[in-house]
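# Sequence first, then the predicted structure:
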Amino acid sequence: MKVLKKTCVILFVLFFMTGFIWAEGTGEKNAGGKQKQVTLTVWEHSPQFEAPLAATLKNFMAKNPDIKVVYEIKTPSDYMSLLTTSIQAGDAPDLFWQHGTATNDMKNLVSMGALMDLTKYLDISNYSEMSRAKVTYNGKVYQTPAATVDTRAVYYNKDLFKKMGWKVPADFGELEKLLPVIKKAGYIPISLAGRFNWNILFLFEPILAATHPDWIQEAAEGKAKFNDPRVVDAMKKMIEWGKSGYYGKFYMGVDEAGQYLAFTKGKAAMTVGGSWIANTLKKNNPEMNIGAFQMPTSNGRKPMVLTYAAGFSVYSKTKHPKEAIRLAKYLVTKESQQIWVSKLGAIPGLKGIVSTNKLANEIAVHDMELESFYNIMVLNHKPGQSPTKYWEENDIKLLSGGVNPEKFADTLDSMMNYPGM
């Protein structure tokens with residue numbers, strides 16, 4: 001009898017342990033037979049995208065109760081260094097945002113073996129060619145595309161313009177005449193984060209598009225040099241506005257948050273930034289009546305510098321590959337992208353996705369689409385050269401007068417290929 005009892009106890013223990021090990025190995029059920037929840041971590045590179053990310057993940061979790069997704073919001077200035085450090089330590093998040101082929105990020109991350117090949121898992125055939133190119137490297141898909149179009153725009157205080165009798169400029173000449181008028185009235189014409197390289201880029205690109213759209217069209221095909229007088233002219237125009245006080249007295253010490261706050265607090269009449277900051281501006285001052293327009297050319301055309309947004313990559317060494325892939329597959333659905341566009345107030349770049357955001361629709365008014373200056377650097381640089389890195393490390397010096405435009409442009413030119421010439 002004692003032997004029988006002992007045998008039963010041993011069998012029970014073995015059965016219990018077998019069930020427990022099975023549950024741990026599959027991640028599907030625990031010892032009690034209930035579904036076990038897996039936790040995924042997602043990193044986003046900027047606070048501006050927290051609202052759409054939170055809403056998208058909430059909807060995903062409602063449909064996938066066996067997966068819990070937690071996210072961490074980083075800051076753009078140190079995001080890539082934090083990400084590469086976590087990858088090198090073998091402790092990267094399960095999914096993470098990165099620039100895609102807009103920079104060398106994807107190439108570098110692939111060489112590190114950090115990205116899962118998602119080609120066979122994601123159907124992105126309904127996305128545009130530009131959007132697919134943003135997430136594809138060497139013929140393989142390493143990232144979810146995004147349904148939003150990133151552009152740059154001039155944001156302006158509608159109520160202030162109305163009060164002062166100012167009109168939205170119809171051409172570049174009218175814009176230049178308006179800037180000193182705004183300054184004389186005691187307002188900063190265009191708030192700018194002079195200490196943040198990306199915000200300088202997002203001002204330079206519209207200036208270049210407005211003054212020399214022909215150069216962008218030629219350069220996108222590899223038929224125009226980077227030390228072209230037209231590029232230098234646009235750089236000088238940006239610098240000239242700073243010297244004239246059109247960015248305020250202390251703009252070289254202003255960070256990104258300061259640029260937006262100067263505008264939303266009513267100290268600046270305009271600011272220039274990405275389409276993705278629209279919600280940030282509204283959040284800073286919900287009562288503010290904000291408008292937007294594309295910086296016009298001398299003959300009144302409205303060029304829009306256009307780039308497609310990128311989504312999230314899956315860490316190649318994630319402990320939960322099946323669940324991570326399931327989230328990635330959800331992120332490319334129209335349902336997910338509609339949530340993102342709606343919460344971000346962004347411009348949709350995927351057929352079937354609509355925006356109800358009035359400001360986003362104002363930003364989207366254009367009659368000319370142009371490639372971004374930054375993307376042209378990425379597409380046409382020489383092997384082993386990084387003009388984007390040079391820009392990021394030196395455009396603050398360019399704006400402040402630490403390096404002259406001709407020398408800056410010559411350095412960029414030395415790093416470029418010209419396949420069309």
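Sure, I can see it. Given the structure is predicted, the values throughout are model-derived calculations rather than measurements.
# After the host helix or strand of F202, which helix or strand is next?
F202 belongs to helix 197-211 when assigned by DSSP states H and E. Downstream of helix 197-211, the next assigned helix or strand under DSSP H and E is helix 213-219.
# Go ahead and name everything in contact with that following helix.
For helix 213-219, contacts defined as Cβ atoms under 8 Å, 6 or more residues apart in numbering pick out 208-209, 224, 226, 228, 230-231, 297, 301, 303, 305, 368, 370-371, 373, 376, 380, 420. For every residue, glycine as well, the C-beta is placed using N, CA and C.
# just the strands in the stretch 101-250 of the chain please.
For the stretch 101-250 of the chain, the strands defined by DSSP state E, counting those that start in this stretch cover 136-137, 140-141, 145-150, 152-157, 188-191.
# can you list the domains in this structure?
1-36, 38-148+310-358, 152-293+381-414 (automatic domain parsing).
# In CSV, list the ones you listed along with mean pLDDT, mean neighbour count and distance to A364.
Shown next, in CSV, are those (pLDDT from 0 to 100; neighbours: other Cβ atoms under 10 Å; distance: least, Cβ to Cβ, whole Å):
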stretch, mean pLDDT, mean neighbour count, distance to A364
domain 1-36, 45, 11, 43
domain 38-148+310-358, 94, 18, 5
domain 152-293+381-414, 96, 18, 8
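# if we can go back for a sec, for K58, find the nearest of the strands of the stretch 101-250 of the chain.
strand 145-150 (17.9 Å; Cβ to Cβ).
# which stretch of helix or strand covers V42?
Using DSSP H and E, V42 falls in strand 38-44.
# That strand pairs with which strands, and in what direction?
strand 67-73 (parallel), strand 95-97 (parallel) (DSSP bridges).
# Is S77 in a helix, a strand, or coil?
coil (DSSP: H, G, I helix; E, B strand; the rest coil).
# In contact with the nearest residue to it once chain neighbours are set aside, which residues?
Counting by Cβ to Cβ, 6 or more residues apart in numbering, F196 is the residue found nearest to S77 once chain neighbours are left out, at 7.5 Å. Going by Cβ under 8 Å, 6+ apart, F196 touches 77, 255-256, 259.
# And those, which is closest to R152?
For the contacts of F196, the nearest to R152 is Q259 (13.4 Å; Cβ to Cβ).
# separation between the nearest residue to that closest one once chain neighbours are set aside and D105?
Spatial nearest neighbour of Q259, chain neighbours left out: A193 (4.0 Å); criterion: Cβ to Cβ, 6+ apart. Between A193 and D105 the computed distance is 22 Å (Cβ to Cβ, to the nearest Å).
# same question, S298
For S298, the distance to D105 (Cβ to Cβ) stands at 36 Å.
# and what of G345?
Distance, G345 to D105, using Cβ to Cβ: 26 Å.
# cool, I188 as well?
34 Å.
# Please apply the same query to S342.
Taking Cβ to Cβ, one finds S342 at 27 Å from D105.
# got it, and K407?
27 Å.
# Quick check on N227: phi, psi?
Dihedral pair for N227: phi -100, psi 20, per degrees, to the nearest 10.
# if I pick it, what's in contact with it?
406, 409-410, 412-413.
# and which of those is nearest to S316?
S316 lies nearest to L412 out of the contacts of N227, by Cβ to Cβ, at 33.5 Å.
# The closest one and M377 touch, don't they?
Yes - here L412 reaches M377: they are 7.2 Å apart, a contact under Cβ atoms under 8 Å.
# what angle sits between the helix or strand hosting L399 and helix 197-211?
Applying DSSP H and E as the criterion places L399 in helix 387-400. Comparing the axes of helix 387-400 and helix 197-211 via axes from the mean of the first three to the mean of the last three Cα atoms, to 10 degrees yields an angle of 80 degrees.
# Please name every helix or strand in contact with helix 387-400.
helix 197-211, helix 229-243, helix 373-380, helix 405-414 (3 or more Cβ pairs under 8 Å, 6 or more residues apart in numbering; DSSP states H and E).
# Can you check which of these gets nearest to F263?
In terms of Cβ to Cβ, the element of the helices and strands packed on helix 387-400 nearest to F263 is helix 197-211, at 12.0 Å.
# Between strand 152-157 and the closest one, find me the angle.
100 degrees.
# Pull out the CA atoms of helix 197-211 and give them to me as PDB.
Extracted C-alpha coordinates of helix 197-211, given in PDB (Å, rounded to 0.1, in the frame of the first residue of the first chain):
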ATOM      1  CA  ASN A 197      20.400  69.600 -36.200                       C
ATOM      2  CA  TRP A 198      17.100  68.000 -37.400                       C
ATOM      3  CA  ASN A 199      15.100  71.200 -37.000                       C
ATOM      4  CA  ILE A 200      17.700  73.100 -39.000                       C
ATOM      5  CA  LEU A 201      17.300  70.400 -41.700                       C
ATOM      6  CA  PHE A 202      13.500  70.800 -41.600                       C
ATOM      7  CA  LEU A 203      13.900  74.500 -42.200                       C
ATOM      8  CA  PHE A 204      16.600  74.200 -44.900                       C
ATOM      9  CA  GLU A 205      14.600  71.700 -47.000                       C
ATOM     10  CA  PRO A 206      11.600  74.000 -47.500                       C
ATOM     11  CA  ILE A 207      13.800  77.000 -48.300                       C
ATOM     12  CA  LEU A 208      15.700  74.900 -50.900                       C
ATOM     13  CA  ALA A 209      12.400  73.600 -52.300                       C
ATOM     14  CA  ALA A 210      11.000  77.100 -52.500                       C
ATOM     15  CA  THR A 211      14.000  78.800 -54.000                       C
END
